[in-house]
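S.K.: starting from these lines, generate the structure:
(one chain, ligands or ions: 2)
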Amino acid sequence: MILLENVAFSYGNKRIFTDFSLELADSARLALMGPSGCGKSTLLRLISGLLTPQSGRIAGLPQDGVAYVFQESRLLPQLTARENVELVLKNVENRQKLAEEILTELGLGDELDTLPSELSGGMARRVAMARALAFPSPLLVLDEAFTGLDERTRGIVADCVLRRLGGRTLVMSTHSELEAELLGCEILRLAPPK
Ligand code: ADP
Ligand code: MG
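M.R.: Residues are numbered from 1 along each chain as shown. Ligands and ions are numbered 1, 2, ... in the order given. Down below sits the predicted model:
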């Protein structure tokens, strides 16, 4: 279980959370919704241990890293699609096969050896998704990871996430209730920025 208790977080003088608490059971699925700037990405980073609150307590963070799809895809430009996925699988058996399988499930079977600069935005997003799904962490975080995907691709990606999620905890941010529903997430609405 991941626990946030009375968390306060500011960037400089800019207060984002004053007294925020959340309990995430193992295998929970949660979608953060709310207007741009309300703190969705900040909360995802707090939940993942990438940011530390100024006060309050966060407990139960995964010890060995979080499977994270950032709002920008953040692929390594000098590595192919396949290599970007394999990179996070250092200690995983059959890493080549696993990378290939997931990329193929996401409709990128013909792009295994393509560099990020030659992929469309939606393709790059799916490589980032493959990388996160392949990474063996108990927490999967998707920050507006479906943005820019057409409806059909979104369905393909959602199916792949559901197939590969297992008992992991999923926390996502989205502007779409449909996406939250597709992934079986409970919705948490964050208040708009003041
Ligand atoms: P959302 O993901 O809901 O759009 P964010 O968590 O990215 O919201 O941002 C919440 C607020 O914090 C916004 O006003 C944003 O401008 C501000 N913010 C985000 N990151 C930083 C940062 N690194 N430094 C200063 N302000 C930031
Ligand atoms: Mg954001």
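S.K.: only C-alpha atoms from now on, for both contacts and neighbour counts.
M.R.: Noted.
S.K.: isn't Arg189 up against Gly34?
M.R.: Yes: using Cα atoms under 8 Å, Arg189 is in contact with Gly34, at 5.6 Å.
S.K.: compare neighbour counts for those two and give me the winner.
M.R.: Set Arg189 next to Gly34 and count neighbours by other Cα atoms under 10 Å: Gly34 wins out with 18 against 13.
S.K.: so the most centrally placed residue in the chain, which of the three states?
M.R.: Centroid check for the chain by Cα atoms, centre = their mean gives Leu142 as the closest residue, at 2.1 Å. Under the three-state scheme (DSSP: H, G, I helix; E, B strand; the rest coil), Leu142 adopts strand.
S.K.: residue contacts, it?
M.R.: 68-71, 170-173 (Cα atoms under 8 Å, 6 or more residues apart in numbering).
S.K.: beta partners for it?
M.R.: When assigned by DSSP bridges, Leu142 has beta-bridge partners Val69, Met172.
S.K.: around ligand 1, which positions in this protein sit nearby?
M.R.: By Cα under 6 Å from any ligand atom, the part of the chain that sits against ligand 1 consists of 11, 36-42.
S.K.: so among those residues, which ones count as buried?
M.R.: Applying 16 or more other Cα atoms under 10 Å to these, the neighbour count classes 38-42 as buried.
S.K.: now those in JSON lines, please, with extra columns for pLDDT, secondary structure and distance to Glu101.
M.R.: Formatted as JSON lines, those follow (pLDDT from 0 to 100; DSSP: H, G, I helix; E, B strand; the rest coil; distance: Cα to Cα, whole Å):
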{"residue": "Cys38", "pLDDT": "96", "secondary structure": "coil", "distance to Glu101": "36"}
{"residue": "Gly39", "pLDDT": "97", "secondary structure": "coil", "distance to Glu101": "34"}
{"residue": "Lys40", "pLDDT": "98", "secondary structure": "helix", "distance to Glu101": "31"}
{"residue": "Ser41", "pLDDT": "97", "secondary structure": "helix", "distance to Glu101": "29"}
{"residue": "Thr42", "pLDDT": "98", "secondary structure": "helix", "distance to Glu101": "32"}
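S.K.: low-scoring pLDDT stretches of this protein, where are they?
M.R.: Scanning the chain for pLDDT under 70 picks out 193-194.
S.K.: how about the helices of it, start to end?
M.R.: For the chain, the helices defined by DSSP state H occupy 40-48, 81-86, 95-105, 121-134, 151-165, 177-182.
S.K.: quick revisit: buried ones among the contacts of Leu142?
M.R.: 68-70, 170-173.
S.K.: from the residues of the chain next to ligand 1, which two are the most distant?
M.R.: Tyr11 and Ser36 (16.1 Å; Cα to Cα).
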